[in-house]
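Chemist: quick check, what structure comes out for this input:
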Amino acid sequence: MSKRAIPLVDLSKFVNGSPEERQEFVQQLGNAFHEIGFVGVINHGIPKSLIDEFYSEAKSFFGMSVDVKRKYEVPGLAGQRGYTSFGKEHAKQSEVADLKEFYQIGQNVIDGDQIKSEYPDNVMVAETPRFTASGQELYAQFQGAGGHLLRAIAIFLDLGEDYFDQKIHNGNSILRAIHYPPITSEPDTAIRAEQHEDINLITLLVGASAGGLQLLNMEDEWIDIMPEEDEIVINVGDMLQRLTNNHLKSTTHRVVNPPREMWHLPRLSIPFFLHPRSTMDLTCLDICVTPENALAYEPITAGQYLDERLREIGLKK
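Modeler: Okay, here's the model as predicted:
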């Protein structure tokens, strides 16, 4: 058995465990986020049948002609809902577009919350009606699992378990289906998605249909992340790193091209980017500012920060 690149934790120990098991989970998760910024999670409660259905619906959608898919590319939404065609997004330090197309599903506000006016409606696909519908069901499941993880982090940071609850209620989270098409000729770059960090609080990723995900460790080495069956990979995003004044790490990661004999295989990946409401204050927590860890960031809200970053990666003009 090869050594794991990232620690593995069992979410059921936090959700249904004894006080001791809960405390152990909190410590394991907090340490992983502090030291590596990534963790694998099992027993996360997200039904495999729903993940499989969304994968297969996404496959059908991306298999349609470009002309049909482009009907679902909505101008002016900065890719936040519906389809974004090949070559639109790049990493913030790169001019080269990533080798991918994607589809985004956002928050579905159903409780009369005023924040609904901030969010565009989700885009329904006539040709694959279950695509957006199953995506919205999966979105709700990810939101639940992400809420548990943030409760554990709040305990780890001594903020009180419910610190994030209202901040993420009807938050601006995104479920993204990413399609990296088969590689048909010698690529200009060996990278399907250039090295980057995520913008949000945490990202939850269900196993991609092909490998390629790598993280950059403290020794500046690229390490392959190979999730086991039914494991989701969680990483810290820049908003959580910022809130904790770099105490929790938003680790650089990328997606590399597969070996030549696997070029013919497309890669489908389903990340859930868990965002708070736009009003959340990302000012560094006092407890994370110490003589050894001087204040690293200016105050900013989540909405202002997201806006800034969408411009940097080319989705917003």
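
Chemist: point out where the chain drops to low pLDDT.
Modeler: 1-2, 87-98, 187-193, 207-211, 313, 315-317 (pLDDT under 70).

Chemist: helices of that one, residue ranges please.
Modeler: Assigned by DSSP state H, the helices in the chain fall at 12-15, 19-35, 48-62, 66-70, 129-156, 165-168, 238-243, 302-312.

Chemist: hmm, who's touching the first one?
Modeler: Just to be clear, that refers to helix 12-15. With contact meaning Cβ atoms under 8 Å, 6 or more residues apart in numbering, helix 12-15 is reached by E21, R22, E24, F25, V26, L29, N43, G45, H148, R151, A152. No exception for glycine: its C-beta is placed from N, CA and C like everyone else's.

Chemist: greatest separation within those: which pair is it?
Modeler: E24 and G45 (18.6 Å; Cβ to Cβ).

Chemist: looking at the contacts of helix 12-15, which one is closest to S278?
Modeler: Of the contacts of helix 12-15, the one sitting nearest to S278 (Cβ to Cβ) turns out to be R151, at 21.5 Å.

Chemist: could you count how many residues lie near that closest one?
Modeler: When neighbours are counted by other Cβ atoms under 10 Å, R151 registers 21.

Chemist: E24 and G45: who's more crowded?
Modeler: E24 (16 against 13).

Chemist: now the more buried one: how far from A152?
Modeler: When Cβ to Cβ, to the nearest Å is the yardstick, E24 and A152 sit 11 Å from each other.

Chemist: one more: N16?
Modeler: Distance from N16 to A152, by Cβ to Cβ: 13 Å.

Chemist: more neighbours: which of the two?
Modeler: A152 (24 against 11).

Chemist: nearest residue to N31 in space, ignoring adjacent ones along the chain?
Modeler: P7 (7.7 Å; Cβ to Cβ, 6 or more residues apart in numbering).

Chemist: correct me if wrong: the one you found contacts Q28.
Modeler: Yes. Between P7 and Q28 a contact is recorded at 6.5 Å, counting by Cβ atoms under 8 Å.

Chemist: now for these two: what residues contact both?
Modeler: Common neighbours of P7 and Q28 (Cβ under 8 Å, 6+ apart) are V39.

Chemist: ok, those two, which is more surrounded?
Modeler: Taking other Cβ under 10 Å, P7 and Q28 do not tie; Q28 has more neighbours (19 against 16).

Chemist: not counting its neighbours along the chain, what's nearest that one?
Modeler: V9 (5.0 Å).

Chemist: quick one, what contacts that neighbour?
Modeler: Here V9 is in contact with F25, Q28, L29, A32, V39, G40, V41, I42 (Cβ under 8 Å, 6+ apart).

Chemist: which ones are touching the fifth one?
Modeler: Read that as V39. If a contact means Cβ under 8 Å, 6+ apart, then V39 has I6, P7, L8, V9, Q28, L29, A32, F33, V233, I234, N235 as its contacts.

Chemist: now it. Nearest residue, chain neighbours left out?
Modeler: Using Cβ to Cβ, 6+ apart, the closest residue to V39 is A32 (4.1 Å).

Chemist: wait, the one you found touches R4, no?
Modeler: No. Using Cβ under 8 Å, A32 is not in contact with R4; the gap is 11.1 Å.

Chemist: which of those two has more neighbours?
Modeler: The neighbour comparison of A32 against R4 (other Cβ under 10 Å) goes to A32, with 22 against 13.
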